[in-house]
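Asks: sharing a sequence plus its predicted fold:
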Amino acid sequence: MESLKQSPVALNMQCAPSARALFKGANGPISQLSIKCAFFGTRLVKTHKPLSTKVSQVVRRNRTRIVMSDSVAGSYATALADLGKSVNSLDAINSDLEKLSQFLVNKDIFAFLVNPIILPEKKKEILKSIAVDAKFEPYTLNFLFILIDKKRIKLINEIIKEFEITYNKLTDTELAIVTSAVKLENRHLHAIAKKVQSFTNAKNVRLKTVIDPSLIAGFTIRFGSSGSNMIDMSVKTELEKLAGQIGYNESIQLV
């Protein structure tokens, strides 16, 4: 996976102009934008069975395959992962869901998608616009349409989390959360990825970065199951240790 050769950083995507335009008019007449969605591409036309049928089949048989969760969200996530693997689009779908999660940070967009009063077709218009702007795989958009039709779109954040877990297991990828006081340079992230790889023997290492000024300087790394392993190289922790040694009980704060 080419993206893992570089030191990845957290995405910082802003809602694209066409998505904003559609969302703005969502509760009234939708703007007549010229949207040619990848959903109508030839790859889906050539599929022998509709994707909704394929996903349903995968959901039914996933208990004997790559089940990662017994939850409804887990079932949908493993169904999508199984489909992505079968059509050689697993990496692309994972990338699509990462981008989508950044759009869903906008509470207004998420509230719009899960609002039961809003017509499904209007929700699909928003998802179409996001998909075109972010260059989603046709399979990803079709899957999101299924969630709309099945009234499961409210589970989208849980599905994304479950998909990430499934994807990491399928690709032997170790996810590490790097929290630092300031943004780290790529060379530092690359070194951290190499160190985590040496600890875990994972084929790939994927980093997510978080900025936390309260660390004062340095960084922490969490990896392993549910972030159970931690490497703490922060100045704040060192100062707190020193404070404990001298009997200073007040919390360390940056002045």
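Replies: Okay, I see it.
Asks: go through stretch 132-143 and flag the buried ones.
Replies: Buried residues in stretch 132-143, counted by 16 or more other C-beta atoms under 10 Å: Val132, Asp133, Ala134, Phe136, Glu137, Pro138, Tyr139, Thr140, Leu141, Asn142, Phe143. To be clear about C-beta, it is placed using only N, CA and C from the backbone, and glycine gets the same treatment.
Asks: please flag which of those residues sit within helices.
Replies: Val132, Asp133, Ala134, Pro138, Tyr139, Thr140, Leu141, Asn142, Phe143 (DSSP state H).
Asks: which residue sits closest to Ser89 in space, ignoring its chain neighbours?
Replies: Nearest residue to Ser89, sequence neighbours excluded (C-beta to C-beta, 6 or more residues apart in numbering): Glu137, at 5.4 Å.
Asks: and the one you found, what pLDDT?
Replies: On pLDDT, Glu137 comes in at 94.
Asks: low pLDDT regions in the protein?
Replies: For the chain, applying pLDDT under 70 flags the ranges 1-70, 225-227, 238-255.
Asks: mind listing the helices for it?
Replies: Going by DSSP H, the chain shows helices at 2-5, 17-24, 42-45, 51-61, 72-86, 90-103, 107-114, 120-134, 138-149, 156-170, 186-200, 235-245.
Asks: for Ala176, which of these is the nearest?
Replies: Proximity to Ala176 (C-beta to C-beta) singles out helix 186-200 among the helices of the chain, at 4.8 Å.
Asks: flag every buried residue along that closest one.
Replies: Leu189, His190, Ile192, Ala193, Val196, Gln197, Phe199, Thr200.
Asks: so what's the closest residue to the fourth one other than its chain neighbours up against?
Replies: Excluding the flanking residues, the one nearest Ala193 by C-beta to C-beta, 6+ apart is Val205, at 4.4 Å. With contacts taken as C-beta atoms under 8 Å, 6 or more residues apart in numbering, Val205 has the following neighbours: Leu4, Thr173, Glu174, Ala176, Ala193, Lys194, Val196, Gln197.
Asks: mind running it again at 6 Å?
Replies: Val205 makes contact with Glu174, Ala193, Val196, Gln197, according to C-beta atoms under 6 Å, 6 or more residues apart in numbering.
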